[in-house]
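J.: from the sequence below, what's the structure:
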Amino acid sequence: MARVARELRQLYAMCATAIVLGRADLDGADEAGFDLELPVFTIGQAAEVANIHPQTLRQYDRVGLVVPQRTEGGARRYCLRDIDRLVQAQRMIQTEGINLSGVTRILTLQEENRQLRRQVRRLQTAGEESVFAAGRDGDIVEMQRSNSARMWRRAIRTQMRELPGRPAPRPSRGGSDAGDAFGYGDSPDDKSLVIWR
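T.: Next up, the predicted model:
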């Protein structure tokens, strides 16, 4: 991965510090434009920001509690979401006495809940319609609506055209061709109609 600019790393460090101190949360960081998955912090930086010993971070990685991304050389790189998980895990373990498997499950459910709230906020955006499409993997994805798409749709709705009538049935040529029986055949004047809704 390309090196992240120094100024950008400083902004992410300030955001991580705000998360650790409880002055910000992931939703706010996301709305402010931070990439929650950007692997910015080394293990030493993450340990310092979260005030957790690096060996504890390695243990959390081994048990799957907080699994950072890895560089090509295998070095751990933590993102804002990881920092948030570290802080929450420490709080639950130290103050609430929850074991590691319980903390892992709670953090997973919290993240699923946060993602669902994010989707609901997007769907409830006032005054905007949503457009959905099928992605390559078959998942339904929300598309950004552009002004040109709205104008195109409006033009289609306002430019109504009279549809041609059905051609008169042609006399049968002795065959049992269903197309001929209903007035449709291989005539070059036959037309197709596509309706978009």
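J.: now the strands for the protein?
T.: 69-70, 76-77, 131-134, 140-143 (DSSP state E).
J.: direction included, what does the second one pair against?
T.: The sheet places strand 76-77 alongside strand 69-70 (antiparallel), with pairing taken from DSSP bridges.
J.: what's the average pLDDT for the partner strand?
T.: Averaging pLDDT along strand 69-70 gives 93.
J.: ok, and what's touching it?
T.: Strand 69-70 is contacted by residues 39, 76-79 when judged by Cβ atoms under 8 Å, 6 or more residues apart in numbering. C-beta here means a position set from N, CA and C on the backbone, and glycine is covered the same way.
J.: again, only this time at 7 Å
T.: For strand 69-70, contacts defined as Cβ atoms under 7 Å, 6 or more residues apart in numbering pick out 39, 76-77.
J.: residues contacting I52?
T.: For I52, the contacting residues are 86, 90, taking Cβ under 7 Å, 6+ apart as the criterion.
J.: how much space between it and I19?
T.: In this view, I52 and I19 are 14 Å apart by Cβ to Cβ, to the nearest Å.
J.: now swap in L65 and tell me
T.: Counting by Cβ to Cβ - L65 and I19 are separated by 17 Å.
J.: in terms of neighbours, single out the busier of the two.
T.: Neighbours were counted for L65 and for I19 using other Cβ atoms under 10 Å; I19 has more, 24 against 19.
J.: was I right to think G64 contacts T104?
T.: Yes: look at G64 against T104 with Cβ atoms under 7 Å: they come within range, at 6.4 Å.
J.: who has more neighbours, the two?
T.: Using other Cβ under 10 Å, the more surrounded residue of G64 and T104 is T104, with 18 against 10.
J.: if anything else comes up later, I'll come back, but that's it for now.
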